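S.K.: Coordinates for the following, if possible.
(chains A and B)
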Protein chains: 2
Amino acid sequence: MAAKPAKERLTEAAFALFAERGYEQTTVDDITDRAGVGRTTFFRTFRTKEDVIFPDHEVLLGAIETRLAGSTDRTALIAVTEAARLVLRHYLAEGERAVTRYRLTRSVPALRDREIAGVQQYQRLFRRFLHGWMGGGADTALRAELMAGAVVSAHNHVLRRWLRGRSDDPEAEFDAAMTETVDLFNRSREDAGASIVVVRTSKDLDTVLPELHRLLGSG
Amino acid sequence: MAAKPAKERLTEAAFALFAERGYEQTTVDDITDRAGVGRTTFFRTFRTKEDVIFPDHEVLLGAIETRLAGSTDRTALIAVTEAARLVLRHYLAEGERAVTRYRLTRSVPALRDREIAGVQQYQRLFRRFLHGWMGGGADTALRAELMAGAVVSAHNHVLRRWLRGRSDDPEAEFDAAMTETVDLFNRSREDAGASIVVVRTSKDLDTVLPELHRLLGSG
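M.R.: Below is the predicted model of the structure:
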């Protein structure tokens, strides 16, 4: 069997030590000793001890950027949804390691702050692409921000349920959550050349719909 | 003139020193020396040096909670909007100090992470109340999260524009941003006892609206 790469050995050692002794009680030297890897290699691989908790963060950011860069404004919400799915699948594939990380980020303030900052990086990336696809003007900046925030919130909502052991089918929940999210924005999109008329009525719909169609239908 | 409270003296001294020497180069001792206040008082007032940057964070969280606790599900989105306005007005009233903080949070990673974590606290508070007003069930959890996230994003969008000197009338921009945000969710809410009719038309609206009102209006 080929030796595991240093990054994987360091990550495994760190997660094992954090579970055994706690995060604060584990030093970088403890991790490198356990992994059989030098201190220099550690700091070539990770900037800080906190980073070991999120070993694939940069890789995921890169994968998201690649996915988004391959899309256009015509498929903006689908592209962002699929990019968020990359993150979800990564966590699902990690399995127990993702659950351990969740426990750690909930109990160690420095790791929680680090995680929140990481989520912000995803969100900024989504916003940048969404805003670009909308033309990048000041009039669409808020909408891009709201979309990016909603997609990230929906992703985190599903991921958190799975991490807490409350979801048997996170992929299906992700589909449902993203549908709810995308609907929010699609409903409020105006098609060029047509107005969307929203009126509220307490009248019987079957009675008024034929007249409505006559009134508004293209003809 | 009465002496300023220790908290205000410490905050003033800290902001002045951060501007003069930089955040990292300023120690807690530097701050207490400049403020003429003892170290013990500093740590009774703030937990860490980072906290001096956000001296009113806990006060604002408390004010938001009080505002939300006085509301009900009938006025949920208004309550959350007004609570967010409390935060905006606080920053506007701070003036130059808010701008200095913005510069610091953009250049010092520890302060940026601290700020992001603080924003998360607002968002969790909003989510908790919104979700409670919706009944607190699993079926509304995502909607509450999306609403809370959207209100916070819209607030931050306006605040950031003002901090960058790009907004002459942040209160008016806040109104517009909140209208856009609330619309997103109101459009997808179904009123009991009334149907919402959404139809698309390319006809001239001024021409068809009187007929529409006749057709659907209560009467």
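
S.K.: Counting neighbours, which bits of stretch A:71-90 end up buried?
M.R.: Buried residues in stretch A:71-90, counted by 16 or more other CB atoms under 10 Å in any protein chain shown: A:71, A:76, A:77, A:79, A:80, A:81, A:83, A:84, A:85, A:87, A:88. C-beta here means a position set from N, CA and C on the backbone, and glycine is covered the same way.

S.K.: Among these, name the ones in helices.
M.R.: By the criterion of DSSP state H, membership of the buried residues of stretch A:71-90 in helices covers A:76, A:77, A:79, A:80, A:81, A:83, A:84, A:85, A:87, A:88.

S.K.: what's the spacing between the last one and chain B?
M.R.: Relative to chain B, residue A:88 is positioned 14 Å away (criterion: CB to the nearest CB, to the nearest Å).

S.K.: which residues does that residue contact?
M.R.: Neighbour list for residue A:88: A:155, A:158, A:159, A:170, A:171, A:174 [criterion: CB atoms under 8 Å, 6 or more residues apart in numbering or on different chains].

S.K.: Name the nearest residue to residue A:65, ignoring sequence neighbours.
M.R.: residue A:125 (6.1 Å; CB to CB, 6 or more residues apart in numbering or on different chains).

S.K.: and residue A:19, how many neighbours does it have?
M.R.: Using other CB atoms under 10 Å in any protein chain shown, residue A:19 has 14 neighbouring residues.

S.K.: Is it in contact with residue A:101, as I believe?
M.R.: No - if you go by CB atoms under 8 Å, residue A:19 and residue A:101 don't touch, sitting 10.7 Å apart.

S.K.: Residue A:122 sits in which helix or strand?
M.R.: Here residue A:122 sits within helix A:109-133, counting by DSSP states H and E.

S.K.: Residues touching that helix, excluding its own?
M.R.: A:23, A:50-51, A:53-54, A:57, A:60-61, A:64-65, A:68-69, A:71-73, A:76, A:79-80, A:83-84, A:87, A:104-106, A:140-141, A:144-145, A:147-149, A:151-152, A:156, B:112-114, B:116-117, B:120.

S.K.: Which of these fall within strands?
M.R.: For these, not one is inside strands, with DSSP state E as the criterion.

S.K.: Go through the contacts of residue A:88 and single out the one with the most neighbours.
M.R.: Of the contacts of residue A:88, with other CB under 10 Å as the count, residue A:155 tops at 27 neighbours.

S.K.: Local confidence estimate at that one?
M.R.: Residue A:155 carries a pLDDT score of 96 in this model.

S.K.: thinking again about what came up before, closest to chain B among the contacts of residue A:88?
M.R.: Of all the contacts of residue A:88, chain B sits closest to residue A:158, with 8.3 Å by CB to the nearest CB.
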